[in-house]
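[1] what's the 3D shape of this:
(one chain, ligands or ions: 1)
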Amino acid sequence: MMDTNPCRLASIMRRASAVHHATAVALMIALSCVRSLSAQSISASARCNRAPSTSSRAAPLASDSIPCFADILSTLYGYAVSPDSVYEEAVRQRERIEPLLAEAGRALFGGGLTAKETLRRARTDEKLVMRDADSVLAAYSSRLEQARTSAKSLFKEFPDAPITVRAIPREQAANSAPAAYSRATNASAALLLVNAYQPGGIARMNVAFGTAHEAYPGHHFQRMYSDAHGVDGRYNPDAAAFTEGWGIYAEQLGDESGLYDHALDRIGYLTHLLDVFIALQIEVGMHARGWSETQARDTMMIVAGRAEVQALAYARRHSATPGQLASYGIGYLAITSARERARAQLGDRFDVREFHDVVLRDGSVPLPTMIKHVNAWIAQSRLPSSEP
Ligand SMILES: [Zn+2]
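    Numbering: from 1, shown residues only. Modelled structure (predicted):
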């Protein structure tokens, strides 16, 4: 996660109606969960209170009214899930991604690098970090057109509208992510906001996957698809997992469409995907398995290769905003699982462009709605053709 996360920190400075706004969305999820739990709060709390921790440094509960984390997870999924099953899936995903990242690291750097060594080097090697604003803006601008072009083969229609690369204001740089998306308003075209003044610079590996996530075929394109189908584009907090899941899935589409034409691009994509599932593991660890802040910090340092100060900051974010960072992995898994199910059931009839149309044409929807639409499409596609 997620200093490489394109939407998270920028969300602090933008209104949810204008910018993809992971923090605010997650808080809305939590709040809507509180409301929906009002009639069952006692049983819900009894079901998923965190186990008592023996550590004196355990993260405290924010208050007695903190929404039950199992219910936050179930709200994100759209059906009842156990935190333990989510935790186990997060670990499985990590174990799937780490060898791929290590392989990509060895391809670029040589030697016998591990996944952790690869991502640490890609984040800190001076040659792989941009420190002047003009270079950062130019890098994203260059990738924007490339991302648009490479995405076209993946969709049966390609609704589009201008999107402009612009620097996040210098005074907001320290608290902002590398990039964020701001939809068009009456005063401005859509924006790919870039943290050109971020202290410490921007790792080059962030650029390609960040452009896929925010612009094509990520948030901007999803927005254009909704508009083209007349869907209400107002932010739907119940669809946060879909929206951010599509953003992470868009990063995978960048890999599949050839956008990542340098080994460093692929390291960036895999690093962010690994971050997504480390975040999911830590979320469940802290809010359902009694992890202390220290355990979360250490996991960030050992598994994600973060510096101690940064790892502690993330641990505190996880503690304060349950469900926020979990939404990315949950949405990604729902979309990729639906695609694999469709491919398995349709065989030669499977067309990824049709799948994407089914997923996007109703706008941002709760995950069960997306799954229902995909299942109906699979069933319809399996019917004998009426054509002679
Ligand atoms: Zn996003």
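
[2] Please, which helix or strand holds the nearest residue to residue 109 once chain neighbours are set aside?
    Distances taken as C-beta to C-beta, 6 or more residues apart in numbering place residue 121 nearest to residue 109, at 6.2 Å, with adjacent residues excluded. (C-beta placed from N, C-alpha, C; glycine too.) Applying DSSP states H and E as the criterion places residue 121 in helix 115-124.

[3] Tell me which strands the helix or strand following that helix pairs with, and in which orientation.
    Moving toward the C-terminus from helix 115-124, the next helix or strand (DSSP H and E) is strand 129-130. According to DSSP bridges, strand 129-130 forms sheet pairs with strand 202-203 (antiparallel).

[4] The closest residue to residue 194 other than its chain neighbours: what's it in contact with?
    Nearest residue to residue 194, sequence neighbours excluded (C-beta to C-beta, 6+ apart): residue 140, at 4.9 Å. Residue 140 makes contact with 165, 179, 192, 194, 207, 210, 211 under the criterion C-beta atoms under 8 Å, 6 or more residues apart in numbering.

[5] could you dump the residues you listed to CSV with distance to the ion and secondary structure?
    CSV is the format used below for those (distance: C-beta to the ion, whole Å; DSSP: H, G, I helix; E, B strand; the rest coil):
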residue, distance to the ion, secondary structure
165, 16, strand
179, 9, strand
192, 12, strand
194, 14, strand
207, 15, helix
210, 10, helix
211, 12, helix
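
[6] among these, which ones are buried?
    Among the contacts of residue 140, the ones that count as buried by 16 or more other C-beta atoms under 10 Å are 165, 179, 192, 194, 207, 210, 211.

[7] For the fifth one, give me its contacts.
    Read that as residue 207. Per C-beta under 8 Å, 6+ apart, neighbours of residue 207: 139, 140, 143, 265, 268.

[8] residue contacts, the most centrally placed residue in the chain?
    Nearest residue to the geometric centre of the chain (C-alpha atoms, centre = their mean): residue 328, 3.6 Å. Residues counted as contacts of residue 328 (C-beta under 8 Å, 6+ apart) are 5, 22, 241, 244, 245, 247, 248, 276, 279, 280.

[9] downstream neighbour of the host helix or strand of it in the secondary structure list?
    Per DSSP H and E: residue 328 is located in helix 326-346. Sequence order places helix 352-360 as the next helix or strand after helix 326-346, per DSSP H and E.

[10] pLDDT weak spots in the stretch 251-388 of the chain?
    For the stretch 251-388 of the chain, applying pLDDT under 70 flags the ranges 385-388.

[11] how about 80 then?
    Confidence mapping of the stretch 251-388 of the chain against pLDDT under 80 gives the ranges 305, 307, 310, 384-388.

[12] Show me where it has its helices.
    For the stretch 251-388 of the chain, helices defined by DSSP state H, counting those that start in this stretch occupy the ranges 263-288, 293-302, 308-320, 326-346, 352-360, 367-382.

[13] what's the pLDDT at the residue in the stretch 201-350 of the chain positioned nearest to the ion?
    Nearest residue of the stretch 201-350 of the chain to the ion, counting by C-beta to the ion: residue 247, 3.5 Å away. According to the prediction, residue 247 has pLDDT 98.

[14] pretty sure it is touching residue 220, no?
    No - between residue 247 and residue 220 there is no contact under C-beta atoms under 8 Å: 10.4 Å.

[15] Now the common contact residues for the two.
    Contact with both residue 247 and residue 220 is made by residues residue 214, according to C-beta under 8 Å, 6+ apart.

[16] Make sure residue 180 is indeed in a strand.
    Yes - with DSSP: H, G, I helix; E, B strand; the rest coil as the criterion, residue 180 is part of a strand.

[17] and the gap between it and residue 240?
    According to C-beta to C-beta, to the nearest Å, residue 180 stands 15 Å off from residue 240.

[18] which parts of the stretch 201-350 of the chain sit against the ion?
    244, 247 (C-beta under 5 Å from the ion).

[19] before we move on, the earlier item: tell me how far the helix holding residue 328 is from the chain's mean position?
    Here helix 326-346 shows a centroid-to-chain-centroid distance of 14 Å under the convention C-alpha atoms, centre = their mean, to the nearest Å.

[20] List the buried residues in it.
    Applying 16+ other C-beta under 10 Å to helix 326-346 flags 326-335, 338-339, 342, 346 as buried.

[21] which of the residues you listed lies closest to residue 71?
    Nearest to residue 71, judged by C-beta to C-beta, of the buried residues of helix 326-346 is residue 326 at 12.5 Å.
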